[in-house]
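Q: Quick one, what's the 3D model for this:
(chains A, B, C and D)
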Number of protein chains: 2
Amino acid sequence: MPYDPSAFPPFAVTVDLVVLTVRRHALCALAVRRGESPFQGRWALPGGFVRADEDLSQAAARELAEETGLRAHDPDAPAQEGGAHLEQLATYGDPKRDPRMRVVSVAHLALAPDLPAPRAGGDASNARWAPVDELLAQGGYGRDGEPVAPLAFDHTQILSDGVERARSKIEYSSLATAFCPPEFTVGELRRVYEAVWGVALDPRNFHRKVTGTPGFLVPTGGTTTRQGGRPAQLFRAGGATLLNPPMLRPEV
Amino acid sequence: MPYDPSAFPPFAVTVDLVVLTVRRHALCALAVRRGESPFQGRWALPGGFVRADEDLSQAAARELAEETGLRAHDPDAPAQEGGAHLEQLATYGDPKRDPRMRVVSVAHLALAPDLPAPRAGGDASNARWAPVDELLAQGGYGRDGEPVAPLAFDHTQILSDGVERARSKIEYSSLATAFCPPEFTVGELRRVYEAVWGVALDPRNFHRKVTGTPGFLVPTGGTTTRQGGRPAQLFRAGGATLLNPPMLRPEV
DNA sequence: GATCATAGTCGTCTGCCTGACGATAAACAC
DNA sequence: GTGTTTATCGTCAGGCAGACGACTATGATC
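A: Now for the predicted structure:
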């Protein structure tokens, strides 16, 4: 069978981003308001077309920088300061997912520390951090009691998959530190786990676990009282990427 | 910004399959010989173009059926008889991965019980089950001492990612049963773990673990001596998909 | 400055799970 | 019968997690 360019249908390929952060004890995702049809005015995940000479991860990193100013880290590197963790999530290609044409979207997952207000072309009203519970309660009601429209396209599914990935991945990796600033306390790390999993963890057992796992945390020597109470030791993320044994997520 | 069809470059989208099975105590993958350029005559993973009206998972299931005759199962359903487990693996889109044109490949992972000889258009010499160690030893030497050419395109990377996914997934899910026939013994299941992980497991502790995990195995009442020795109980896969606590992979 | 509220840190105890490994059972080959 | 192979049950010690008590060091409040 010779090579025949007409033998395959043309596709558009996009990257969509699930950018997660923890704000005020809640897991939040970056949402942008669509300015054009279809789904005009609805909230959606940030994303865009992959360029002709771009790798998928490059396209995702470019979109992330455009939307948040964050630089991406290599997914295999341990979480570090001054950038976000970025990894491929999954690919969505239902023939009807975009009414305009055949679009295959390669979704990526980004985890970032708490950030200043997002930017979307300089217009703050068109981008926001929204609690994932709110975004996923499609057809439900937000915190202010107003009805909430579901996300555009299949973005509710993509966001749901991204949140699930994050929830499971912080169990057996040190990824939770990607939600923290460069230096953080054990309590701040615990609040990340509590926000992502939506549970309360015992501070004493958590402290024992994370400080006892070799390579997870490295003390910097400093302390802080920014959370109130007794001064807490400051840590950086250590070199370990896999936690063995893993953090155990309380059932249900 | 209005909709502009010329604003995005056209891509070809394919699905490639990592089809794994366990044969003669070794983890094997399905490989097909390329009949055309590029990489003519080299071994590659099976795959093909996604059709215009097809979802990605449909395309993967179609390719799987064409190459092996297997029907695919829903990834969320527990492993069951008479078909293969099929799930999306990852997407590969380096601009140079195919010298002919811009191709994005959505790789899928399939796990199947030991099968009769593969078929590739009826020509058995163009499809085979090969031990993954052999396929991944690119530029190395096979069991017969002859030099082995690496797989075509980036298929070595895809296969490596698929094997790693399978290795980690049987830790915390009941997926290992997808490698087994509808009814199997504890010993047969143990040999699956040993082949996939490449380690030896203690038969007594393994037996205690799998029979003690609720929902993992359901006894059928029958016994078999097909492995020799004392008759062993036959089991079916139970309804559980997640193992908690997981199977522990011995270190290194 | 005493008291209180808030966080952080160290210990103890108990139960469960795992790894190591002994012992027994039931088939087949000779 | 004897030996070999595989399956299955039991025992024991060590490690880890959950529950929870106790103490420490700040800032806030009276």
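Q: Just read off the phi/psi values of residue A:157.
A: Backbone torsions for residue A:157, taken as degrees, to the nearest 10, come to phi -60, psi -40.
Q: That one: neighbour count?
A: Counted with other C-beta atoms under 10 Å in any protein chain shown, residues neighbouring residue A:157 total 16. (C-beta placed from N, C-alpha, C; glycine too.)
Q: Isn't it up against residue A:90?
A: No - between residue A:157 and residue A:90 no contact is recorded; they are 9.5 Å apart, counting by C-beta atoms under 8 Å.
Q: Pull up the per-residue confidence for the residue nearest to residue A:62 when sequence neighbours are not counted.
A: Excluding its sequence neighbours, the residue lying closest to residue A:62 (C-beta to C-beta, 6 or more residues apart in numbering or on different chains) is residue A:54, at 7.3 Å. On pLDDT, residue A:54 comes in at 96.
Q: Need the three-state assignment for residue A:54.
A: Following DSSP: H, G, I helix; E, B strand; the rest coil, residue A:54 is assigned to coil.
Q: Pull up the pairing partners for the helix or strand bottoming out on mean pLDDT in chain A, direction included.
A: Using mean pLDDT, DSSP states H and E, the weakest-scoring helix or strand in chain A turns out to be strand A:72-73, at a mean of 80. Strand partners for strand A:72-73, identified by DSSP bridges, are recorded as strand A:84-92 (parallel).
Q: how about the residues of chain A near DNA strand D?
A: A:202, A:204-205, A:209, A:212, A:225, A:228-231, A:245, A:248, A:250 (C-beta under 7 Å from any atom of the strand).
Q: Buried members of the residues you listed into ChimeraX, please.
A: The ChimeraX command for the buried members of those (criterion: 16 or more other C-beta atoms under 10 Å in any protein chain shown) is given here:
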select /A:209
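Q: Cross the residues of chain A next to DNA strand D against helices and list the overlap.
A: A:204, A:205, A:209, A:212 (DSSP state H).
Q: who are the neighbours in contact with the third one?
A: Applying C-beta atoms under 8 Å, 6 or more residues apart in numbering or on different chains, we find residue A:209 in contact with residue A:247.
Q: out of the ones in helices among the residues of chain A next to DNA strand D, who's nearest DNA strand D?
A: The closest of those to DNA strand D turns out to be residue A:204 (C-beta to the nearest atom of the strand; 3.3 Å).
Q: Next SSE downstream of the longest strand belonging to chain A?
A: Scanning chain A for the strand with the most residues, using DSSP state E, yields strand A:12-23. As assigned by DSSP states H and E, the chain's next helix or strand after strand A:12-23 is strand A:26-33.
Q: Whichever helix or strand comes after that following strand and chain B, are they touching?
A: Downstream of strand A:26-33, the next assigned helix or strand under DSSP H and E is strand A:43-44. No - judged by C-beta under 8 Å from any C-beta of the partner chain, strand A:43-44 stays clear of chain B, getting no closer than 14.2 Å.
Q: Just list what strand A:43-44 packs against, helices and strands only.
A: Applying 3 or more C-beta pairs under 8 Å, 6 or more residues apart in numbering or on different chains; DSSP states H and E, one finds that strand A:43-44 contacts strand A:26-33.
Q: so for the strand it packs on, what's the average pLDDT?
A: Strand A:26-33 comes out with an average pLDDT of 95.
Q: anything in that strand near chain B?
A: No - Strand A:26-33 is not in contact with chain B by C-beta under 8 Å from any C-beta; minimum separation 13.2 Å.
Q: Show me what that strand is packed against.
A: Judged by 3+ C-beta pairs under 8 Å, 6+ apart, strand A:26-33 is in contact with strand A:12-23, strand A:43-44, helix A:56-68, strand A:127-131, helix A:132-136, helix A:155-172, helix A:186-197.
Q: which one of the ones you listed lies closest to residue B:219?
A: helix A:155-172 (30.7 Å; C-beta to C-beta).
Q: what about the closest one, distance to the chain center?
A: From the chain centre to the centre of helix A:155-172 is a distance of 8 Å (C-alpha atoms, centre = their mean, to the nearest Å).
Q: any idea of the mean pLDDT in it?
A: The average pLDDT within helix A:155-172 is 98.
Q: List the buried residues in it.
A: Within helix A:155-172, the residues scored as buried using 16+ other C-beta under 10 Å are A:155-163, A:165-166, A:169-172.
Q: For beta bridges, what are the partners of residue A:131?
A: Where residue A:131 sits in a bridge, its partners, by DSSP bridges, are residue A:28.
Q: before we move on, back to that, rank the residues of chain A next to DNA strand D by pLDDT and give me only the lowest.
A: Out of the residues of chain A next to DNA strand D, that is residue A:228, at 86.
Q: Show the contacting residues for whichever residue of the stretch 51-200 of chain A sits closest to DNA strand D.
A: DNA strand D sits closest to residue A:200 of the stretch 51-200 of chain A, with a gap of 9.5 Å, by C-beta to the nearest atom of the strand. The contact partners of residue A:200, by C-beta under 8 Å, 6+ apart, come to residue A:194.
Q: Point me to the helix or strand that includes it.
A: Secondary structure from DSSP H and E places residue A:200 outside every helix and strand.
Q: where are the low-confidence patches of the stretch 1-150 of chain A?
A: Scanning the stretch 1-150 of chain A for pLDDT under 70 picks out A:1-7, A:75-82, A:116-125, A:139-145, A:147.
Q: What parts of it come near chain B?
A: The stretch 1-150 of chain A comes close to chain B at residues A:1-3, A:5, A:7-14, A:35-37, A:49-56, A:88, A:90-95, A:100-102, A:104, A:106, as judged by C-beta under 8 Å from any C-beta.
Q: Any of those residues buried? List them.
A: A:8, A:11-14, A:49-50, A:54-56, A:88, A:90-95, A:102, A:104, A:106.
Q: Quick check, the residue in the stretch 51-200 of chain A closest to DNA strand C?
A: Across the stretch 51-200 of chain A, no residue is closer to DNA strand C than residue A:187, which sits at 2.3 Å (C-beta to the nearest atom of the strand).
Q: so what's that residue up against?
A: Counting by C-beta under 8 Å, 6+ apart, residue A:187 has contacts A:203, A:227, A:232.
Q: just residue A:70 next, same as before
A: By C-beta under 8 Å, 6+ apart, the residues touching residue A:70 are A:64, A:83, A:84, A:110, A:112, A:115.
Q: Neighbour-wise, which one of those residues leads?
A: Busiest of these [other C-beta under 10 Å] is residue A:110, holding 30 neighbours.
Q: Count the neighbours of the closest residue to it other than its chain neighbours for me.
A: Nearest residue to residue A:110 in three dimensions, chain neighbours excluded: residue A:19, at 4.4 Å (C-beta to C-beta, 6+ apart). Using other C-beta under 10 Å, residue A:19 is surrounded by 26 other residues.
Q: Tell me the spacing between residue A:19 and residue A:88.
A: 14 Å (C-beta to C-beta, to the nearest Å).
Q: Now do the nearest residue to residue A:199 once chain neighbours are set aside against residue A:179, distance only.
A: In space, and not counting its chain neighbours, residue A:199 is closest to residue A:250: 5.2 Å by C-beta to C-beta, 6+ apart. Going from residue A:250 to residue A:179 by C-beta to C-beta gives 19 Å.
Q: again with residue A:87
A: 14 Å.
Q: One more: residue A:14?
A: Distance from residue A:14 to residue A:179, counting by C-beta to C-beta: 26 Å.
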